[in-house]
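S.K.: when you get a sec, could you give me coordinates for this:
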Amino acid sequence: MRQHRATLAYALATYSFVLPAFAFKELEYAEWEVLFLTSLPFVGRLFGSLETRRLVSKLGTVWTYRVSLAGLAGSSMISSSFTQFGEQLAIRLLVGVLFGIMTSLAVYEAMEGRSQKGGVVFSGWALGWSLAGTTYLLAGSWSATMLIGGLVILSLPLFRGENRELEVIQVTSVSSKGILVFLLSFVPSFTLSVAPYFLEINGLPWVWIIPSYAMAIPSYYLLPVLADKIGFHRTLMLTVLVAVMSGTLFFQKLFFMLMPFTFFGLGLNSLAPKIALRYGVDSRNSGVAVNTAGLGGLMYSMFPSMMGFDGLSDIMDASLASLLILSSKRVKTKVS
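M.R.: Numbers count the residues shown, from 1 in each chain. The predicted structure is shown next:
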């Protein structure tokens, strides 16, 4: 039950996070302003993750989800009539904080007691992207998209279940290598965030991204199963190899490679928690580790404007190669 609730929470948080990215172009901002506003919540999410334990200790798990969802819905609806850059700056920072709270709690619940299977929660990222793209496709304008986005969040059933107070969570320190594992595994996700823009500048409809994200959702479930069958390292090697090859070819304008790139690139997140566990990342500090690593999204999303898409592809390949190196090292973790 908690696994499903955590995945839904991650999906709704992602939905609110990425929904404006499809419609920002209508506000006639400069390119750097669009990229900056799109990625700005990656900064706010870190502050949210640091406040999660304190908030949950006062409200409990269910009410923390409810309050955060209400804030995300309200932010989306307010955005429908606020179009100035400064106004969007403040709203996007708030969205980031709420995103950090929801995803930190979701990752904790997903990894609690079953750390090696906790990566399934990241399927919410692909689900949220799919829903956001579909919403904009149906709404067709900035104001309608943001209003509908808020209503979609409010119309869903409130989170239910045991409203636990998690005072027992003591956030332990997070090793730099543990954070690095998540950062490197998120690189395909960061890279794919600019895929709609890449498609558009090459004369193709951005809507291609919707089915690719939808088809990637099963990867979060299938890759851990494959790891149980043929071994974790073999599965990781296969996943990284296909992600590197398909991602490189996609940015060389072989656009049909978007599907395998999305499937294996996003699915890589389902394997990351097992690697991070070796470096001391568990349910107690996973939220901080994930959201600290998420700061990389601000950097990676700006790379195309600085070095082009070929440079972005090269950096992605090097990042995934580094992840393989980290995964090959045996590290003794503390048992508490």
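S.K.: chain center to stretch 43-54: distance?
M.R.: 15 Å (Cα atoms, centre = their mean, to the nearest Å).
S.K.: neighbouring contacts of that stretch?
M.R.: 64, 92-105, 108, 166, 169, 171, 287-288, 290-292, 294-295, 298 (Cβ atoms under 8 Å, 6 or more residues apart in numbering). Yep, even glycine has a C-beta here, placed from its N, CA and C like the rest.
S.K.: which of those count as buried?
M.R.: Listed as buried from the contacts of stretch 43-54 are 64, 92, 94-105, 108, 166, 169, 171, 287-288, 290-292, 294, 298; burial here means 16 or more other Cβ atoms under 10 Å.
S.K.: among the residues you listed, which are in helices?
M.R.: In helices, defined here by DSSP state H, the members of the buried ones among the contacts of stretch 43-54 are 64, 92, 94-105, 108, 287-288, 290-292, 298.
S.K.: which helices and strands does the lowest-mean-pLDDT helix or strand in the chain pack with?
M.R.: Every helix and strand of the chain was ranked by mean pLDDT, DSSP states H and E. The lowest is helix 296-300, at a mean of 78. Contacts defined by 3 or more Cβ pairs under 8 Å, 6 or more residues apart in numbering; DSSP states H and E place helix 296-300 against helix 41-59, helix 176-192.
S.K.: quick check: which ranges of the stretch 151-300 of the chain have low pLDDT?
M.R.: 157-173, 283 (pLDDT under 70).
S.K.: rerun at 90
M.R.: By pLDDT under 90, the low-scoring segments of the stretch 151-300 of the chain are 152-179, 190-208, 273-274, 276-300.
S.K.: in terms of helices and strands, where is the residue nearest to Gln3 when sequence neighbours are not counted?
M.R.: With sequence-adjacent residues excluded and distances taken as Cβ to Cβ, 6 or more residues apart in numbering, Gln3 is closest to Ala110, at 5.8 Å. Using DSSP states H and E, Ala110 sits in helix 85-111.
S.K.: immediately after that helix, which helix or strand?
M.R.: Remark: after helix 85-111, the chain's next helix or strand is helix 123-139, criterion DSSP H and E.
S.K.: how far out from the middle of the chain is that next one?
M.R.: Using Cα atoms, centre = their mean, the offset of helix 123-139 from its chain centre is 13 Å.
S.K.: compute the inter-axis angle for it and helix 176-192.
M.R.: On the basis of axes from the mean of the first three to the mean of the last three Cα atoms, to 10 degrees, helix 123-139 is oriented at 20 degrees to helix 176-192.
S.K.: in the helix or strand just after helix 123-139, what counts as buried?
M.R.: Using DSSP H and E, the helix or strand that follows helix 123-139 in sequence is helix 142-155. Neighbour counts using 16+ other Cβ under 10 Å place Trp142, Thr145, Met146, Leu147, Ile148, Gly149, Gly150, Val152, Ile153 of helix 142-155 among the buried residues.
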